[in-house]
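# Coordinates for the following, if possible.
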Amino acid sequence: MEYFLRGRRGEWRWRSPVGNGAVDALARWQWRRSVAASALLQQCESLHGRGRGTNPGAKGKRDSSVGSGINGSEESGVEWRILRRWEVPWDWQTVSLTSLACVIGFLSTGVMDAIHRFKPDVLSLNVEAVMLLLDIGITTAVILGIIYSVADTFQPLPEDFFKYDLREPFNLQKGWLLWAGVGLVSAFIANVLTRVAVSIFSGGPPKGQTDALVILAPLVGSSNLGTACRLVVSCVLIPLLEETVFRGFLMTSLTKWVPTPVAVVIISSLFALAHLRPAQFPHIFVIGSVLGFSYAQTRNLLTPITIHAFWNLLVIYVTFFSRKLDGNILSLTWM
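Numbers count the residues shown, from 1 in each chain. This is a model prediction of the structure:
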């Protein structure tokens, strides 16, 4: 015999099946328990559906936020990945101490800089090329070892930290090769526009490019060994080291306290200052910003590394042929 009925609007309604007082009281007590259990169940289902995005009302709100391009999911294809922050597991003390350790590691392995400063003509070009390769290789190994040793203490890290992923190179949202191409073209255009602006405001072309290449440029074309060492240093080791330190560690860490675009600007300024070339600061800053935003878009370090490597390769090519032709074909900034 039915004691409970569900109303047309979904609520529970009481219907007494008999007139007996004792039976009627027992049935009413059972009805109240069912009403409480049903209400609790409906509330849990509503909360669960809202969290999962299956509740119709919640789904509509979620879809509207996706359409705005701010908090949408990747599947929507309209998310502004470039604005997202990293989930940084360490604090500012870790960032400061790790940065200090990297600076000490860099200074302690700067053998070639010391040789060129005190005895610039003591080595032949081939020996110089090999020593340069060993020097930068040791520096890269030491500094990356410091960073990865610190990061290893925070395992498991979020998947977008120190990511070198060759998959999906042409994905519209995170394709590392696609966005590397976009970034390289953007860097070239930004470099030209910056040079034009600097020339207008300073009254002449920027200076300081030959000083930046005084050590490395003679190695190109001197011999096959010298050229190979220069290419490995400029297009492999330096991009790997600088992008892992500046973009992979410092920029991502900074997003714990400031928005991602602000972190890109700050680290680009630090990146330009670290090159110790005041005359080239605007150009390196602009290119550093391109590197930072490209990394923020793909969350893959292969993107800024590829841009950096091809940019340095372009600078080597232009510098070499400019010297061969005894003229300045194109002025580019070395990074």
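
# From here on, just use CA atoms for contacts and neighbour counts.
Noted.

# I'd assumed Gln155 was in a helix, is it?
No. Assessed with DSSP: H, G, I helix; E, B strand; the rest coil, Gln155 is coil; it does not lie in a helix.

# need the contact list for the residue lying closest to Thr140 once chain neighbours are set aside.
Using Cα to Cα, 6 or more residues apart in numbering and skipping residues adjacent in sequence, the residue nearest Thr140 is Leu241, 5.6 Å away. Leu241 is in contact with Thr140, Ile143, Leu144, counting by Cα atoms under 8 Å, 6 or more residues apart in numbering.

# for Leu241, phi and psi?
Torsion angles at Leu241 (phi, psi; degrees, to the nearest 10) stand at phi -70, psi -50.

# Also Pro259?
phi -60, psi 160.

# can you tell me the average pLDDT over the helix or strand that contains Ile146?
Using DSSP states H and E, the element containing Ile146 is helix 125-152. Helix 125-152 carries an average pLDDT of 90.

# Buried residues of that helix, list them for me.
Buried residues in helix 125-152, counted by 16 or more other Cα atoms under 10 Å: 125-126, 128-129, 131-140, 142-144, 146-147, 150-151.

# where in the stretch 151-300 of the chain is pLDDT low?
Residues of the stretch 151-300 of the chain that meet the criterion pLDDT under 70 lie in 203-222.

# where along it do the helices fall?
Taking DSSP state H, counting those that start in this stretch as the test, the helices found in the stretch 151-300 of the chain are 176-202, 209-212, 224-232, 238-242, 252-254, 260-274, 281-298.

# Out of those helices, flag the one nearest Ile104.
Each of these has some distance to Ile104 by Cα to Cα; the shortest is helix 260-274, at 14.0 Å.

# export the closest one as PDB, just CAs?
Taking Å, rounded to 0.1, in the frame of the first residue of the first chain, the C-alpha atoms of helix 260-274 are listed here in PDB:
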ATOM      1  CA  THR A 260      51.700  36.900 -16.000                       C
ATOM      2  CA  PRO A 261      52.100  40.000 -18.300                       C
ATOM      3  CA  VAL A 262      53.700  42.000 -15.500                       C
ATOM      4  CA  ALA A 263      56.100  39.000 -14.900                       C
ATOM      5  CA  VAL A 264      57.000  39.000 -18.600                       C
ATOM      6  CA  VAL A 265      57.900  42.700 -18.500                       C
ATOM      7  CA  ILE A 266      60.000  42.400 -15.300                       C
ATOM      8  CA  ILE A 267      61.900  39.400 -16.400                       C
ATOM      9  CA  SER A 268      62.500  40.900 -19.900                       C
ATOM     10  CA  SER A 269      64.000  44.000 -18.200                       C
ATOM     11  CA  LEU A 270      66.200  41.700 -16.100                       C
ATOM     12  CA  PHE A 271      67.100  39.700 -19.200                       C
ATOM     13  CA  ALA A 272      68.300  42.800 -21.000                       C
ATOM     14  CA  LEU A 273      70.200  44.100 -17.900                       C
ATOM     15  CA  ALA A 274      72.000  40.700 -17.600                       C
END
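
# tilt between that helix and helix 281-298?
140 degrees (axes from the mean of the first three to the mean of the last three Cα atoms, to 10 degrees).

# residues contacting the closest residue to Ser289 other than its chain neighbours?
Distance criterion Cα to Cα, 6+ apart; nearest residue to Ser289, sequence neighbours excluded, is Ser268 at 5.5 Å. Each residue near Ser268 by Cα under 8 Å, 6+ apart is listed here: Ile284, Phe285, Val286, Gly288, Ser289, Gly292.

# Outline the domain layout of this structure.
4-76, 155-324 (automatic domain parsing).

# Isn't Leu313 up against Ser234?
Yes. Assessed by Cα atoms under 8 Å, Leu313 is found in contact with Ser234 at 7.3 Å.

# Report the separation between Gly105 and Phe320.
32 Å (Cα to Cα, to the nearest Å).

# related to what we said a few turns ago, ok, now how distant is the residue nearest to Ser289 from Tyr317?
The separation that Ser268 has from Tyr317, given Cα to Cα, amounts to 25 Å.

# helices or strands up against the helix holding Ile146?
Helix 125-152 sits against helix 92-108, helix 111-118, helix 224-232, helix 238-242, with contacts defined as 3 or more Cα pairs under 8 Å, 6 or more residues apart in numbering; DSSP states H and E.
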